[in-house]
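Novice: what's the 3D shape of this:
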Amino acid sequence: MTAHPDAAAALVAALTARDLTIAVAESLTGGLLVAELVRIPGASAVVTGGVVAYQTPIKHTLLGVDEVLLAEHGAVHPEVARQMATGVRAALAIDGRPADIGISTTGVAGPDEQDGQSVGTVYLGVSFGDKVRAIAVSLTGDRAEIRTQTVAHAIEAVCQLIETTKLGIAE
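Specialist: The predicted structure is shown next:
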């Protein structure tokens, strides 16, 4: 990703230029990611909304994450991140049209480990079309620092997706 003094502004501008929408599903970031995006004037044209699925059962009931997956592996798992990113696109559809891109955050901000995962273990999910991937991130710092770093990594992941796939650009 090209360095930009305001990555959220760059992302909103890129989404706007390509007429793409984004939906956000957050766990450990608790709304920080969607707040960072909507801080940018004009974000309402591209951000459909955000879901804070902080408690594990909400990931299933609201975002459609597989209940067996959650029971067997807990919420801090790459497949959970993928399913959250896919599920939020449908959960925040407008007039039956899912968001073009889904981004999700799940992980352990601390102070204690969760689901057998150490503090700083984070998975981002990115969904576009029929493609979905998980990005593993290992972070250090206190709870606030891990949450802030997760937001930055999520914005970077979507920027990279846009840059590498020519999303919304007629060829």
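
Novice: Surely residue 62 is in contact with residue 51?
Specialist: Yes: in terms of C-beta atoms under 8 Å, residue 62 counts as a neighbour of residue 51; the distance is 6.1 Å. Placement of C-beta: from N, CA and C, glycine included.

Novice: Tell me where this structure has strands.
Specialist: 22-26, 47-52, 101-107, 121-128, 131-138 (DSSP state E).

Novice: got those as CSV, with distance to residue 16 and mean neighbour count columns?
Specialist: CSV is the format used below for the strands of the chain (distance: least, C-beta to C-beta, whole Å; neighbours: other C-beta atoms under 10 Å):
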stretch, distance to residue 16, mean neighbour count
strand 22-26, 11, 29
strand 47-52, 10, 20
strand 101-107, 13, 30
strand 121-128, 16, 25
strand 131-138, 22, 15
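
Novice: of those strands, which approaches residue 6 most closely?
Specialist: Comparison of these against residue 6 by C-beta to C-beta identifies strand 47-52 as nearest, at 15.5 Å.

Novice: Tell me the residues that contact both of residue 62 and residue 51, please.
Specialist: When contacts are counted by C-beta atoms under 8 Å, 6 or more residues apart in numbering, residue 62 and residue 51 have residue 91 as shared neighbours.

Novice: re the thing from before, how about CSV for the strands of the chain, with distance to residue 38 added?
Specialist: Output for these, formatted as CSV (distance: least, C-beta to C-beta, whole Å):
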stretch, distance to residue 38
strand 22-26, 10
strand 47-52, 6
strand 101-107, 14
strand 121-128, 19
strand 131-138, 22
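
Novice: Just send the ones you listed back as CSV, with mean pLDDT and distance to residue 159 too.
Specialist: Listed next are those as CSV, based on pLDDT from 0 to 100; distance: least, C-beta to C-beta, whole Å:
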stretch, mean pLDDT, distance to residue 159
strand 22-26, 98, 11
strand 47-52, 98, 15
strand 101-107, 98, 11
strand 121-128, 98, 11
strand 131-138, 97, 13
